[in-house]
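A.B. asks: Take a look and give me a structure for this.
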Amino acid sequence: MHEPIVLRKDRNNFAGSTRALLELFKLRMTFHILTTTVAGFYMASGDVFDWALLGWTWLGTGLLAVSAFCFNQAIEKKHDAVMERTQKRPLPSERLGLSAAYIAGALTCALGTALLLTHVNLLTAALGVITVVLYAAVYTPLKRVTTFNTLVGGIPGALPPLMGWTAAQNDIGMGGLLLFVLLFFWQLPHFLALAWMYKDDYRRGGFRMLSLVDESGETCFRQIWIQSLLLLLVSLLPAVAHPPMAGGYYMVTALLAGAMLLVLAHRLRKTKTRKAAVHVFLCSLAYLPILLLAMAIDKHHFFFG
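C.D. replies: Residues are numbered from 1 along each chain as shown. Next comes the predicted model:
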C-alpha cells in the first residue's frame, strides 16, 4: 500500500532537483550570452553561413556559461544566503547540494571545452576556458576585495561575442576586438545601475561595490554617466572603422540608443533615486539587442574582403 506513495515522493524529489539544477544553470542569462555569441558568429561569417558550426559553437559556449554560473554560485553560497535577492537560489535554499554544483560546473566545463575543441577550433575553446576561469576564479572572489571587480568582470562578460567571431574565422581580427570592446563598455553602466538598485543587499553580503563607496551614491552615479558616454562613443566604432562593419542605419541606431541611455544616466545622477536606476538598468537591457540587431541588418560584407 505504501509503495505508490514512495514512488510518487521519489518522482517529486527528482523533479525538484531537476528544477533546482536548471535554476543553477541560469538559463535566461545563458540565453542572453548566446545571443551575443550568435551575433559575433554572424558578423564574422561571409556569404556562406555554416549552420552546423554555429550549432556546435552555441552548444559549447552555452555549456561553458553554465559552468561559470555553477562555480560562481557554489563559491558565493554563504553570501547569497544573507542577500534578499539571492537567498532563494538553489544552494542557499538547500534545494541542491554544494558538491552537486561543483560537479555540474566541472562536467559542463569539460564537455563545453571538448565540443569547441573538436568541432570548432582551439582558439575559441581557449577563450571559453579563459572566460570560466576569469569569471569564477578571479571576478567572483574579487567582489569581496575591491570595487574594481566590475571592470574585471567585464572581461569574461565581453568574451562570448568574440568567441562567436573566432568560431567563424579562427582569428580574432579587428571585428572581433570591436565586438569585445562594445560588450565590455556596455556592461559597466548596466551592472553599476544594478549595484545601486541592490546596494543594501550587497552590503549584507559583504561585497565591495562602487555603490557602497559613499552613502549619497555620487561616485557610482558619476561613473554610470561617464561609462554611458564612453559606451556611446565606442558604439560608433563599428561604423567608422576602415573598412566598416556596419553603415549609416547602425550609426543612427547607436546614436539614438546611446543618447537615451546617457539621458537616463544624467537623470539618475540628478535625482539619485532607485526608480531612476531601474530605468537605466532596463534601458541597458534593451540597448544591447537593439544595437546588435541593427549591426546585423546593416552588416557590410566587404569588411571581410
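
A.B. asks: Where do the domain boundaries of this protein fall?
C.D. replies: 1-171, 174-305 (automatic domain parsing).

A.B. asks: Ile290: which element?
C.D. replies: Element membership for Ile290, per DSSP states H and E: helix 274-297.

A.B. asks: Just the residues contacting that helix, thanks.
C.D. replies: Helix 274-297 is contacted from outside by 35-36, 39, 42-43, 182-183, 186, 189-190, 193-194, 196-197, 224, 228, 235, 238, 245-246, 249-250, 253-254, 257-258, 260-261, 264-265, 267-268, using C-beta atoms under 8 Å, 6 or more residues apart in numbering. Glycine gets a C-beta too; all of them are placed from N, C-alpha and C.

A.B. asks: make it 7 Å
C.D. replies: For helix 274-297, the surrounding residues in contact (C-beta atoms under 7 Å, 6 or more residues apart in numbering) are 35-36, 39, 42-43, 186, 189-190, 193-194, 196-197, 224, 235, 238, 245-246, 249-250, 253-254, 257, 260-261, 264-265, 267-268.

A.B. asks: Also stretch 38-52?
C.D. replies: Residues outside stretch 38-52 that contact it (C-beta under 7 Å, 6+ apart) are 54, 57-58, 161-165, 167-169, 175-176, 179, 245, 292, 295-296, 299, 301, 304.

A.B. asks: Closest to the centroid, which residue in this protein?
C.D. replies: The residue lying closest to the centre of the chain (C-alpha atoms, centre = their mean) is Gly157, at 4.5 Å.

A.B. asks: Can you give me the pLDDT of the spatially closest residue to it that is not a sequence neighbour?
C.D. replies: Leaving aside its sequence neighbours, Gly157 sits nearest to Gln187 (C-beta to C-beta, 6 or more residues apart in numbering; 5.0 Å). Gln187 is assigned 96 on the pLDDT scale.

A.B. asks: Over to the one 5 residues further on?
C.D. replies: Listed pLDDT for Leu192 reads 96.

A.B. asks: can you start the count at 27 instead of 1 from here on
C.D. replies: In the new count, where the first residue is 27, that last one comes out as Leu218.

A.B. asks: residues in contact with it?
C.D. replies: Contacts for Leu218 (C-beta under 7 Å, 6+ apart) come out as Thr176, Leu236, Cys246, Gln249, Ile250, Gln253.

A.B. asks: Confirm for me that the fourth one is in contact with Leu236.
C.D. replies: Yes - taking contact to mean C-beta atoms under 7 Å, the distance of 6.2 Å between Gln249 and Leu236 places them in contact.

A.B. asks: Those two: who's more crowded?
C.D. replies: Higher neighbour count among Gln249 and Leu236: Leu236, with 25 against 20, using other C-beta atoms under 10 Å.

A.B. asks: Determine the next helix or strand in the C-terminal direction from the helix or strand encompassing Gly180.
C.D. replies: In this structure, Gly180 sits in helix 175-195 according to DSSP H and E. Counting by DSSP H and E, the next helix or strand C-terminal to helix 175-195 is helix 199-223.

A.B. asks: Heading C-terminal from that following helix, find the next helix or strand.
C.D. replies: Note on helix 199-223: by DSSP H and E, the next helix or strand toward the C-terminus is helix 225-231.

A.B. asks: Identify the residues contacting that following helix?
C.D. replies: Counting by C-beta under 7 Å, 6+ apart, residues outside helix 225-231 touching it are His105, Val108, Met109, Glu110, Arg111, Ala221, Met235, Ser237, Leu238.

A.B. asks: so what secondary structure elements neighbour the helix or strand just after it?
C.D. replies: Under the assignment DSSP H and E, the closest C-terminal helix or strand after helix 225-231 is helix 244-261. The helices and strands touching helix 244-261, judged by 3 or more C-beta pairs under 7 Å, 6 or more residues apart in numbering; DSSP states H and E, are helix 199-223, helix 274-297.

A.B. asks: Fine, thanks again, bye for now.
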